[in-house]
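> Here's a sequence, model it:
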Amino acid sequence: MPAAEKNIADPNNSTNVSSFEQALKELEAIVRKLESGSGDLEGSIRDYVRGTELMGFCQKKLADARLKVESILKLPDGSTTVKPFDAES
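Purely as a prediction, here's the structure:
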């Protein structure tokens, strides 16, 4: 697989952002720029790749946050259920 394809939307890829909020803000700016059609083709492709990296970073952060507030419980019958995180327990 070419190196450029390997890094696209990889949540482990270094995005050089420190927070979900920073990544989301940059991603929103990229979307606005791409939707406006103001860039050249090469720049648009770079922006698209960067956007997919940021999207992967944001998805990973959201998944991590969700795991912190939910726990999966196995019921006696073998089925599973999701229990909201309880900070008091």
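> ok, so what distance separates residue 32 from residue 48?
Distance, residue 32 to residue 48, using C-beta to C-beta, to the nearest Å: 13 Å. Using the backbone N, CA and C atoms, a C-beta is placed for each residue, glycine as well.
> more crowded one of the two?
residue 48 (14 against 10; other C-beta atoms under 10 Å).
> And the strands in the chain?
70-74, 80-84 (DSSP state E).
> weakest of those by average pLDDT?
Sorting those by mean pLDDT places strand 70-74 lowest, at a mean of 71.
> With only the CA atoms kept, save it in PDB.
Below are the C-alpha coordinates for strand 70-74, written out as PDB (Å, rounded to 0.1, in the frame of the first residue of the first chain):
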ATOM      1  CA  GLU A  70     -20.300   3.400  29.400                       C
ATOM      2  CA  SER A  71     -19.500  -0.100  30.500                       C
ATOM      3  CA  ILE A  72     -20.600  -3.300  28.800                       C
ATOM      4  CA  LEU A  73     -22.100  -5.900  31.200                       C
ATOM      5  CA  LYS A  74     -22.500  -9.500  30.500                       C
END
